[in-house]
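Q: Requesting a structural model of the entry that follows:
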Amino acid sequence: MPAVPKKIPKRHQNKPRVLHKTKLKKDDTVKVISGRDKGKTGKVLHVDRERATVLVEGVSMVKRHTRPNPQRQIKGGIAERESPISISNVMIVTSGGVATRIGYRTETAGAVTRRVRVARKGGELLDRKG
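A: Residues are numbered from 1 along each chain as shown. Reported below is the predicted structural model:
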């Protein structure tokens with residue numbers, strides 16, 4: 001289950017929201033390049049541009065203790081779930097399994113010009129067609 005954005009506390013409501021630039025998108029396959037889960041790969045479940053973090057499937061698992069709540073049909077116990085990791089600690093993986101940085105290239109198809117993501121290693125297109 002993706003992390004739900006939390007309500008901003010009153011003391012932070014007047015601060016401007018800074019959205020970090022990222023080239024990663026939901027459903028990208030990424031590889032962890034540093035940290036305790038170094039070498040693992042997984043699919044991006046959620047990108048938080050405000051905190052510059054990503055939620056990757058099966059990476060950075062933490063245990064969450066939940067109290068049972070019969071009214072909401074919540075069963076208690078210890079549940080494992082993903083915790084966010086920094087965008088700087090992951091690299092996108094090409095279809096060949098190579099971790100690479102992301103570049104952009106403009107492609108023209110008739111009258112339509114699109115900016116597509118390409119792998120810096122090999123120049124493979126990263127955006128799905130369709």
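Q: Show the contacting residues for the spatially most central residue of the chain.
A: Residue closest to the average C-alpha location in the chain (C-alpha atoms, centre = their mean): residue 54, at 3.3 Å. Contact analysis of residue 54 by C-beta atoms under 8 Å, 6 or more residues apart in numbering lists 24, 30, 44, 46-48, 84-87, 90. In this view, the C-beta of every residue, glycine as well, is placed from N, C-alpha and C.
Q: now swap in residue 20 and tell me
A: 49-50, 52, 87.
Q: from those, which is closest to residue 34?
A: residue 87 (11.9 Å; C-beta to C-beta).
Q: if we can go back for a sec, tell me the buried residues within the contacts of residue 54.
A: With neighbours counted using 16 or more other C-beta atoms under 10 Å, these contain these buried positions: 24, 30, 44, 46-48, 84-85, 87, 90.
Q: Tell me the secondary structure of residue 103, please.
A: strand (DSSP: H, G, I helix; E, B strand; the rest coil).
Q: and it, what does it touch?
A: 117-120.
Q: Just give the number of residues close to residue 52.
A: Neighbour count for residue 52, taken as other C-beta atoms under 10 Å: 16.
Q: Quick one: residues contacting it.
A: Applying C-beta under 8 Å, 6+ apart, the residues near residue 52 are 20, 22, 86-88.
Q: Now with 7 Å, please.
A: 20, 86-87 (C-beta atoms under 7 Å, 6 or more residues apart in numbering).
Q: List the contacts of the residue nearest to residue 57 when sequence neighbours are not counted.
A: Spatial nearest neighbour of residue 57, chain neighbours left out: residue 42 (4.1 Å); criterion: C-beta to C-beta, 6 or more residues apart in numbering. By C-beta under 7 Å, 6+ apart, the residues touching residue 42 are 30, 56-59.
Q: Nothing else from me, thank you.
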